[in-house]
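*Asks:* Here is a sequence with its predicted model. Questions after.
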Amino acid sequence: MPPRAAAARNARARTPEERAVETLKSMANQALRLASGRDACAWSPTEVNAASEAIDTLGPKVLYAMGESRLAGLVIMLGLALRRATPSSPGISDGQRSAYATLHPKLTTALVHVGEEVASGDFSGAAPLEVCTALIKSHVLRAFCPLLAAAASPLLPGPQPPPPQQPSRRSVQCALALAGQVRSALGLMAGTAKQGHTSEQRTSLTATLATELAESGLLEHWARLVLGLGACEDGEDGAAKEVAQLGRHLVVFAGYDCTSLQHLNRLDPWTELLLSGPCPCLAYLLSSHLVAFAAELDGGPTYGLPPAAPEVQLAGPSSSSAQPSRPRPPVPLVDTAGFPLRPRKALGAHLAAPALRLWTGVLKAAGQTCSSMAWPTSAKRRRTGAWGGGLAGPSNLGMRLATSMAYSLRVYKSTFQLFAADCSIDTRPWGALTTAHDPAAWLDPAAPPLQSAAAVGRMDFGDTALMAKLGLSLAREALEPARVLADMPGQAAALAQLEKQLGAWWRAALAWAGLWTVKAGGSLPALRWDLLEELLEMRGLPGTPNSLDARLAMSSGFLPVLEAVLRHPDGQSLLMDAHKPSNPFDCNLWGSAILQAGPLPVASFCASIAKLLNSVKLKAMKDQGVARNRQRMPFPRGLLKLATAGFRLVSPRSKTHVAVIPGEQGDPDPGAGQDLAGPSDGAAGPSHAPAAASGGGSSPPEAAPQLPLTAACVALHLLPGAAALARVLYVVTPDQIFDRSPDCTDGLVNLLELLLAWVPPILLAAEPLEVAAVGPGAPASPASPSPSLSAAAATSSDAAEKWSRFLWEELGLAWVLGAAASLLTMDAGAANARLYLTSPLTAALWALVGRAPARLAAVIAAADEAAAATAGAGGDAAARGPSLDLLQRALRIAMRCPVAERDELLDAVEATCVSAWVRTPDPSMGAAVEWPRARFYHAATSLLASPAEAGQVLLRCAYPDCTHLAGPSEAAVKRQRCGGCMRARYCSQACQAAHWAASHAQECRAAAGEAEPIDLSTA
């Protein structure tokens, strides 16, 4: 047989699939040569139609038949088909254009199923990323734009007044198919970014894709086409489905489930996409969808959207008093299944969720720009009125969505509990949840009332909490520019409208953060942990505690919610995260704002923190000296920073403790004007008093009425745990226990800083002025004191004795002074010690010189004896207190202490030790004190309430090493009384058994015979 005839026979003998594969491989190879510039690719209509037929023949096996090595060739073929199907493509005949228009949808459908080949094991896991990279780098996505523009033109109204004719059904169907192609391609990108790749690859792919979309305007063209389809009777349902499906992909791109809003140091690429250039159709599609979504739920303002057609027909002259109409969005809303919304169906959040995330990113960019501006004070004041209460439209829209979600949740029968600001637990939280969203607190009084109750049952359970959080994030960012201006130094006053709106936001946010579901294994927050952490973010200028945001958060119930988070095992991991170990939950901004929380929430929170500190202490003691063949535990930097920075309560203005006030005959603290504090003290900033909203300005607030009791609760419940852990960290070998031993030294410094900061107020309470009970102008020694004065004096004396035992025995003040002075003289870690401990150590020494010189002299004398006794035998003499030599060396090398004050303090300490001067009850002796700072503390007064009063707020567990963290708060734990002595109380049977074995057995037997039991846990 001749060769030509044999070849024809062999060709006829091949199967259609083999011929189809050969055709596609040949054209893919030609496309690759064209891309490399080695060949011209001029296909006839017959060849292009043959490729289409080959794809139809292979069906879903087209990629498998082509192989992974030819995926790039198929991508190049798709780009050629798209470019040559464009009506304006030069040199292309109508027949070729029609053939290419048939080919590119089939190529797109084949390529977007590359993930199925990976799932079946035929392709490697890198195949989807290879296809996505080829689509972006070969600019295939840009080739869709001319086709989208051509398809949208006949669907949109023209500039002329006569309305255009309705497009044909064929045009609408072709436009829907093209929109589906683009959506499928973006879906491939989203699926590739979400699954099976490293974070670096995801970041690179999403950033490259965002750049490509911004430069090409693909999403803008797609949005324009969808808006045109939504205006057609035959296309609105299809447009709604396409928008819902693209919303699922934008969820990944917008990144609310993988990118934190809280810790972005720069704009994410999708926010940059909205801000980079003109994209009016995309912006209108996103914003109109959100407005229609909110109005569908609560019947609120539609901001210019036209009403739905049936309501337009029913509207009459008297319709002004009717209820607000539902809007007609440019693209219909969808239900949870992605189909056009029908009556009594639950709304789907397919596009609403990514739209909220994108607009929140835009508003966040505005807030960051505002905070970075270094405006002059006069300019800031001029612009205050312009900002008003923030961006009212987005703020109200976000609050409306959160309110509707609160009402929508009422239909579900799941067991919920809500943690209230007073530490109570509401097991039927629907009333409290909706009350926290009261529109009267944030909505303009002139606006029509909302119909939020109509939202009951209109949302899917899985979308409710997420949409509430995203709505609250939108409202938060809308208020951010005004909040930044209110916190800037020199701001005249906090705006009343801003404080009203921000306070309403915190009440709603904490209601959602405190809403937990009760399950068999325990309770979990309704929000995911990462979203919950974002919701609890406080904001303020760096280094300015007691900000407006912190005060409103604390007064709205921040501490009970945070306590429930930290008592949960999963929530404790938030303190170990690496992104904010030096400022967990923005504790540097708390300052004296914690006084707004009230005594019980503060006491409960401090007790929980103390138990967490106990856990670290017991773990360190157990692991010390044990041979370790396993991984060392991470050092709890976040926990220690939360305990120390959040509760030092040192005023950034006066550099003294907020519970210390000058006496009538005393001078202001001379050290207040000097920068003796470490960086954690922060700079002076605006301090928003409660009256600031009514024009009170930013002057320092007066002492809060609950300051004495709240401060006493902090001292009683937190400081013993901090002192116990500090003693352990001082003696353990850090590199045997913790993964980073330098962190251990820094943590010890933080704990000592906290303890030293509380020495002046506790010392003043332990050493009260004898004439304090006598009012101004009264005789110093009344001849016959009244019974009320005698009772007050007895009560004051009892409280002073308890504070004295607390300071010198339970906290171990002598050891604290010795350990701080010892750290200042060490080589390792001395830099941080000198930075943070110099100021509180000098304040504590001045307080001792001015108020308890005899005690100071006795401590130094005992330390000198201990140092002499251990001089030859070795050991740490500083454990018993600071010797005079140690104090001299520590103060001389302290780098943040001015020379003049250092020498003055050294002279005062030496003179105290030499003369052992004893304070007399005569108030005139305060003027005889030689040193001004000693004279200040000699006449100053402590505002601390008595330990008995603080103990009645929250009873302490009698077991010192208690680590029981069951339940959402310490205030909710029921105490069990010891049946023997009837004095000690415990939070669990495990604590009672452990305390009995440790020491309580003897104490109980000795105290059981007393007639009137006394509750020692309150002392």
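*Replies:* The structure has been received and is ready for your questions.
*Asks:* next structured bit after whichever helix or strand residue 952 is part of?
*Replies:* If you go by DSSP states H and E, residue 952 is part of helix 947-953. Downstream of helix 947-953, the next assigned helix or strand under DSSP H and E is strand 976-977.
*Asks:* helices and strands around the next helix or strand after that following strand, which ones?
*Replies:* The element immediately downstream of strand 976-977 (helix or strand, assigned by DSSP H and E) is strand 985-986. Counting contacts by 3 or more CB pairs under 8 Å, 6 or more residues apart in numbering; DSSP states H and E, strand 985-986 packs against strand 976-977. C-beta: built from backbone N, CA, C; applies to glycine.
*Asks:* circling back: how far does the helix holding residue 952 sit from the chain's center?
*Replies:* Put simply, helix 947-953 sits 33 Å off its chain's centre (CA atoms, centre = their mean, to the nearest Å).
*Asks:* Tell me which other helices or strands that helix touches.
*Replies:* Here helix 947-953 touches helix 599-623, helix 707-731, helix 787-805, going by 3+ CB pairs under 8 Å, 6+ apart.
*Asks:* what is the mean pLDDT for whichever helix or strand comes after the last one?
*Replies:* Proceeding N to C from helix 787-805, the next assigned helix or strand is helix 813-825, under DSSP H and E. Averaging pLDDT along helix 813-825 yields 91.
*Asks:* ditto for stretch 535-552
*Replies:* If you average the pLDDT over stretch 535-552, you get 84.
*Asks:* And stretch 69-77, by the same measure?
*Replies:* Stretch 69-77 carries an average pLDDT of 92.
*Asks:* Now do it: everything it contacts.
*Replies:* Here stretch 69-77 makes contact (CB atoms under 8 Å, 6 or more residues apart in numbering) with 24-25, 27-29, 31-32, 34-35, 51, 63, 66, 103, 107, 110-111, 114, 127, 130-131, 134-135, 138, 140.
*Asks:* quick one, helices of the stretch 201-350 of the chain?
*Replies:* With DSSP state H, counting those that start in this stretch as the criterion, the stretch 201-350 of the chain has helices at 218-230, 236-254, 269-276, 280-298, 309-314.
*Asks:* would a markdown table of these with distance to residue 480 be doable?
*Replies:* Listed next are the helices of the stretch 201-350 of the chain as a markdown table, based on distance: least, CB to CB, whole Å:
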| stretch | distance to residue 480 |
| --- | --- |
| helix 218-230 | 26 |
| helix 236-254 | 19 |
| helix 269-276 | 14 |
| helix 280-298 | 19 |
| helix 309-314 | 36 |
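*Asks:* among those, which is the most enclosed?
*Replies:* Among those, the stretch with the highest mean neighbour count (mean count of other CB atoms under 10 Å) is helix 218-230, at a mean of 25.
*Asks:* quick one, that helix and helix 280-298 angle?
*Replies:* Interaxial angle, helix 218-230 versus helix 280-298 (axes from the mean of the first three to the mean of the last three CA atoms, to 10 degrees): 60 degrees.
*Asks:* which residues are in contact with helix 218-230?
*Replies:* Looking at what lies outside helix 218-230 - CB under 8 Å, 6+ apart - the contacts are 141-142, 144-145, 148-149, 151-152, 155-156, 172, 175-176, 178-179, 182-183, 212-213, 235-236, 238-240, 242-243, 246, 273, 278-282, 284-285, 329-332.
*Asks:* Any of the contacts of stretch 69-77 buried? List them.
*Replies:* By neighbour count, with 16 or more other CB atoms under 10 Å, these hold 24-25, 27-28, 31-32, 34-35, 51, 63, 66, 103, 107, 110-111, 114, 127, 130-131, 134-135, 138, 140 as buried.
*Asks:* mind listing which of these are in helices?
*Replies:* If you go by DSSP state H, the buried ones among the contacts of stretch 69-77 have 24-25, 27-28, 31-32, 34-35, 51, 63, 66, 103, 107, 110-111, 114, 127, 130-131, 134-135, 140 in helices.
*Asks:* give me every residue that touches the closest residue to residue 752 other than its chain neighbours.
*Replies:* Closest residue to residue 752 apart from its sequence neighbours, by CB to CB, 6 or more residues apart in numbering: residue 820 at 4.9 Å. By CB under 8 Å, 6+ apart, residue 820 lies in contact with 752, 756, 833, 837, 840, 841, 882, 890.
*Asks:* what about 7 Å?
*Replies:* Neighbour list for residue 820: 752, 756, 837, 841 [criterion: CB atoms under 7 Å, 6 or more residues apart in numbering].
*Asks:* Work out for me the element the first one sits within.
*Replies:* Secondary structure from DSSP H and E places residue 752 in helix 741-757.
*Asks:* Next, the angle from that helix to helix 707-731.
*Replies:* Between helix 741-757 and helix 707-731, the angle comes out at 140 degrees (the same axes, to 10 degrees).
*Asks:* which is the next helix or strand following helix 741-757?
*Replies:* Later in the chain than helix 741-757, the nearest helix or strand by DSSP H and E is helix 759-766.
*Asks:* mean confidence score for that following helix?
*Replies:* For helix 759-766, the mean per-residue pLDDT is 95.
*Asks:* Please apply the same query to stretch 223-231.
*Replies:* For stretch 223-231, the per-residue pLDDT averages 92.
*Asks:* in the one helix or strand residue 865 maps to, what's buried?
*Replies:* Under the criterion of DSSP H and E, residue 865 resides in helix 853-869. Across helix 853-869, burial judged by 16+ other CB under 10 Å covers 853, 855, 856, 857, 859, 860, 863, 864, 866, 867.
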